[in-house]
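**Student:** using only what follows, build the 3D model:
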Amino acid sequence: SPCNAMSLMAHRVISLRRRASLKTKKPSVATAIVQRLVDQKEGESPWRAALRQHALIIKPACFVTPGDKVIWSTKSFDVAFGPLTGNKDASKVAIKSKLIKRYKGLSYRPGGADEADGNFNMWVGQKITPLDAEPKLFLSHVQYLIPDPQQREYFLDWLAWLIQHPARKLMFAALLYGKQGTGKSWFCELMKVILGRHNVSEPSHAQVCSEFTGWIAKKQFITIHELRKKGRYDIADVLQVLITQKTVGLNMKNIEAFEIENFANFLLITNTETAIPQETSERRYLVIRCADNTRFGDSHGKPTDRT
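**Tutor:** Residues are numbered from 1 along each chain as shown. Got it, this is the predicted structure:
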């Protein structure tokens, strides 16, 4: 009958609409957010894209993104990419996959290739354009801050070595001491521009003395401000090893401890000459006496707007 025919057609339309809605079901909020983390090629699933854009490190067991060289613990990888697999243990799914690239370990070699001896190099260079003109502002500040000509030349040579020979670690640190407010910390800001912020670290006393050493991972230049803490010299014991040690043990949260090359060079800043207990035979520190007068200060030596 016409009524039965109409009912049958309506049923078919509703059924087709339901099927279409199932096929075009929107992804969950979590999946949509994760999809933004990957750069999909045409016709590629988000999970395949994630595998293509990451690499598996055998030891320590972790993941890296070769593009920006970020380290992912298996836990953080699970949290980020679990929604794409329907399995909360996304790291285990990735480990079983033949699509993900593998490296036997991690290394950090400034100026080196991305891969060497089967290890993935975590170093990321900095692209800067050298100026043709003489850096008068820089030289003027160095001349003011370090009055002694010989010490000034030593310090300039020390800085130059870091730039010219990034893969050859210096076996001594530069220690700048003098009154506060003269611009000693400015050199750290300078090295952030030249080497890149990602290769520079400014750890606190607590971080340096902590069991976790992520602050030295992937770093070429490390500045420690206000070196002395009243009644404590434990930081000096830690530094004596790190300044000259060719490898360093890294203990990062949620990642198995491992050793990596140590190319970190240290700039130490303090307001007191006795910041580090030194013996006459100590060769780990290039100690430089800085100016005490505040540049462009008022008649009482206090900073002004010009300072």
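
**Student:** what about the strands in the stretch 51-200 of the chain?
**Tutor:** Secondary structure of the stretch 51-200 of the chain (DSSP state E, counting those that start in this stretch): strands at 55-57, 62-65, 70-72, 101-103, 105-107, 115-116, 119-121, 173-177, 200-201.

**Student:** can you list these in a markdown table and add mean pLDDT and mean neighbour count?
**Tutor:** Every residue, glycine included, has its C-beta placed from N, CA and C. Converted to a markdown table, the strands of the stretch 51-200 of the chain look like this (pLDDT from 0 to 100; neighbours: other C-beta atoms under 10 Å):
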| stretch | mean pLDDT | mean neighbour count |
| --- | --- | --- |
| strand 55-57 | 97 | 20 |
| strand 62-65 | 95 | 20 |
| strand 70-72 | 91 | 18 |
| strand 101-103 | 96 | 15 |
| strand 105-107 | 95 | 19 |
| strand 115-116 | 90 | 12 |
| strand 119-121 | 96 | 22 |
| strand 173-177 | 93 | 22 |
| strand 200-201 | 96 | 22 |
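
**Student:** turn these into CSV, including distance to Asn254.
**Tutor:** Putting the strands of the stretch 51-200 of the chain into CSV (distance: least, C-beta to C-beta, whole Å) gives the following:
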stretch, distance to Asn254
strand 55-57, 14
strand 62-65, 9
strand 70-72, 10
strand 101-103, 19
strand 105-107, 15
strand 115-116, 25
strand 119-121, 18
strand 173-177, 30
strand 200-201, 20
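
**Student:** those: which one's closest to Asp157?
**Tutor:** With C-beta to C-beta as the criterion, Asp157 lies closest to strand 173-177 of those, at 10.3 Å.

**Student:** how about the CA coordinates for the closest one, as CSV?
**Tutor:** Output of strand 173-177 as CSV, limited to C-alpha atoms (Å, rounded to 0.1, in the frame of the first residue of the first chain):
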residue,chain,number,x,y,z
ALA,A,173,85.6,27.8,33.8
ALA,A,174,85.6,31.6,33.8
LEU,A,175,84.8,33.2,37.2
LEU,A,176,83.8,36.8,37.2
TYR,A,177,83.7,38.5,40.6
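
**Student:** what comes into contact with that strand?
**Tutor:** Contact partners of strand 173-177, identified using C-beta atoms under 8 Å, 6 or more residues apart in numbering, comprise 145, 155, 158, 184, 187, 227, 239, 243, 265-273, 275-276, 284-290.

**Student:** this completes my enquiry, with thanks.
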